[in-house]
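Q: Structure for the following, please:
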Amino acid sequence: MRADILRTYKIVHTWAGIVSGLALFIAFYAGALTVFKEPIARWVTPPAAAPLATAMERAPELIQAVLAAHPAAANDLLLHLQTNEQNPARVSWTERAGKNGAGGGGGGHGAATTERRFRAGLNDDGSLRVEPVAPSALPDFLDTLHRVVGLPDDNDGNRAVMGVIACLYSLALVSGVIVLLPSLVKDFFALRFGKNLKRMWLDVHNVLGIMSLPFHIVMALTAVVFAFHDGIFEVQDRLVHGGRLESYWRGGTAPAAPARALADLMAPAQLLASVANIAPAFEPRTLQFGQLRGPRPSVRVWGFDPQDIARSSRGGFVSLDPYTGKVQSADLLPGRQPAAAATLTSFFALHFATFGGAAVRWIYFALGLVGAFLFYSGNLLWVESRRKTARGAAHAPAQKRSARLLAALTVGVCTGCIGGISFTMVMGRWLSGHVQDLPAWHVGAYYLVFFSAVGWAFARGAARAGPELFHAAALFTALIPLTSLCAVLVPATRLWASSSGAALGVDVVALLGALVLMLFGQAAARRARTAPTDSVWHAASAQNPVLAGR
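A: Predicted coordinates for the structure are as follows:
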């Protein structure tokens with residue numbers, strides 16, 4: 001390939017990566033954690049005060065008791081086939097109300113609504129016991145950081161920003177592969193460690209990028225689809241589904257029927273038998289009853305097929321009539337999806353790792369962290385490539401402001417994201433049950449650490465701030481297992497000690513992460529002492545104001 005063409009692709013790769021790199025670092029780091037949202041939720045959420053589990057044989061009795069005492073539960077009631085520490089109740093539901101206090105699930109013309117969640121079980125004497133539920137907002141906040149590249153709210157405007165970043169990401173991937181092709185065979189496994197810092201980072205960046213290329217292609221394409229999915233779904237609905245796509249989510253296209261008595265609901269065992277007849281390999285997890293008093297009542301049976309992909313972490317579903325057991329829609333049922341629905345589901349499955357079990361989730365977790373490091377190393381490469389080298393001069397030349405600015409921004413954003421997520425996790429556990437609006441505290445805690453790290457990096461310069469901020473991120477991350485240890489050793493803190501294996505896994509991974517961050521901090525301190533004096537990573541260079549010069 002001609003040298004001028006390669007040079008053009010290298011410029012495209014560099015600037016597409018620089019513009020999108022820091023946003024993608026946040027998306028990948030937070031995204032790696034969202035692979036294990038359930039264990040994180042178990043770690044940060046207090047267990048139920050008392051067991052609410054009710055035998056499945058008594059599920060019809062429990063459902064009728066809940067519907068009689070809480071009519072709003074008929075709009076969205078969940079029957080959990082499996083119970084555990086995080087979800088101890090057999091039944092849970094959400095009640096929605098407008099600002100004026102009016103009940104109902106319709107909302108009406110976009111009016112603001114509030115949600116209250118409850119769970120229930122039966123006492124030994126048959127009486128109903130109901131508890132309010134305050135699920136942790138942390139997993140959803142991490143998901144928001146991932147989906148809208150670090151912005152605080154998942155709305156149309158922020159999703160459009162994410163879409164632009166995803167397009168730049170795709171452009172960086174394509175141009176990077178083209179640039180690397182001529183030297184791929186020769187340099188693929190070359191890791192040249194030594195005094196040439198730029199060559200070392202380039203080798204690491206190239207190896208990680210090529211080895212994880214399929215994963216990055218999947219992430220880039222699916223991110224673009226998610227960013228612009230409204231328009232894509234509209235076209236798909238007209239060309240493929242004949243205007244019926246929305247009906248799949250409402251429970252199929254069954255005609256409206258007269259209201260029926262709640263006492264005529266089929267027993268869950270009968271509904272599950274209906275599903276087993278059409279999909280023997282399907283493994284149900286949850287029954288979601290909706291609009292039981294409306295003209296189109298439905299029950300979605302959510303679950304997984306070990307041999308098929310699923311749309312979300314809840315699995316896929318089949319919609320049934322809860323009074324007759326008749327199938328309303330099976331287009332999103334794993335193992336029974338038509339080609340169009342399976343194609344759409346594949347985008348979700350490939351992005352969210354809802355296939356292949358725990359092994360795939362661990363692979364995605366590792367690839368997410370590697371991806372975050374890839375964007376960090378890309379920025380370091382750009383900074384090194386802009387370094388003015390001292391050639392016999394008495395004093396080291398001043399580096400360009402753009403290099404000092406990006407170096408500080410890279411250190412601040414990356415360490416701020418890591419430290420902010422760790423800190424908001426710890427804060428969520430310590431403040432649970434002690435503050436009114438815990439979701440707002442999660443947001444505030446994260447951005448406090450994030451912007452403090454960015455400000456500190458600009459105030460101190462990348463060379464001096466790097467070791468300090470990596471050590472701070474290591475400390476915040478180490479507080480995760482230390483909090484669990486404190487719950488066991490110091491009962492006076494009124495923290496809870498979880499016996500869940502998933503929560504213990506969070507502590508172990510956080511401890512390993514803290515150790516890695518400590519090593520990064522030590523490496524940054526060593527670099528500040530030993531880097532060439534004409535490098536922005538040398539401690540002396542940090543004395544130059546980041547925003548000064550050209």
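Q: Show me how the record splits this protein into domains.
A: 3-44+140-152+357-388+397-543, 56-134 (automatic domain parsing).
Q: which residues touch residue 333?
A: By Cβ atoms under 8 Å, 6 or more residues apart in numbering, the contact list for residue 333 reads 278-279, 282, 316-318. For glycine as for every other residue, the C-beta is placed from the backbone atoms N, C-alpha and C.
Q: Among the residues you listed, which one sits closest to residue 346?
A: Taking Cβ to Cβ as the measure, residue 346 lies nearest residue 316 of the contacts of residue 333, at 11.9 Å.
Q: Which pLDDT value belongs to the closest one?
A: pLDDT for residue 316: 90.
Q: what kind of secondary structure is it in?
A: strand (DSSP: H, G, I helix; E, B strand; the rest coil).
Q: Now it: closest residue in space, sequence neighbours ignored.
A: What sits nearest to residue 316 in space, not counting adjacent residues and going by Cβ to Cβ, 6 or more residues apart in numbering, is residue 334, at 4.2 Å.
Q: Looking at this protein, which strand is longest?
A: Assignment by DSSP state E gives strand 113-122 as the longest strand of the chain.
Q: Could you give me the buried positions within the helix or strand following that strand?
A: Using DSSP states H and E, the helix or strand that follows strand 113-122 in sequence is strand 128-133. The neighbour-count criterion (16 or more other Cβ atoms under 10 Å) identifies 128, 130-131, 133 as the buried residues of strand 128-133.
Q: and what of stretch 470-485?
A: Under the neighbour-count criterion of 16+ other Cβ under 10 Å, stretch 470-485 has 470-484 buried.
Q: For this protein, which segments count as strands?
A: Assigned by DSSP E, the chain shows strands spanning 77-80, 91-98, 113-122, 128-133, 283-290, 298-304, 316-320, 327-329.
Q: Out of these, indicate the one that is most buried.
A: strand 316-320 (a mean of 29; mean count of other Cβ atoms under 10 Å).
Q: Could you give the separation of that one from the chain centroid?
A: Put simply, strand 316-320 sits 25 Å off its chain's centre (Cα atoms, centre = their mean, to the nearest Å).
Q: Let me know the angle separating that strand from strand 298-304.
A: Relative orientation of strand 316-320 versus strand 298-304 (axes from the mean of the first three to the mean of the last three Cα atoms, to 10 degrees): 150 degrees.
Q: Which elements pack onto strand 316-320?
A: Contact here means 3 or more Cβ pairs under 8 Å, 6 or more residues apart in numbering; DSSP states H and E; on that basis strand 316-320 packs against helix 268-278, strand 298-304, strand 327-329.
Q: Okay, now the sheet partners of it, with direction.
A: Take DSSP bridges as the rule and strand 316-320 pairs in its sheet with strand 298-304 (antiparallel), strand 327-329 (antiparallel).
Q: So for residue 438, which of the ones you listed sits nearest?
A: Taking these one by one with Cβ to Cβ, strand 298-304 is closest: 27.0 Å.
Q: contact partners of that closest one?
A: Counting by Cβ under 8 Å, 6+ apart, 250-252, 271-272, 275, 282-291, 310, 314-322, 328, 334 sit against strand 298-304.
Q: So residue 121 versus residue 21, what's the distance?
A: The spacing between residue 121 and residue 21, counted by Cβ to Cβ, to the nearest Å, is 49 Å.
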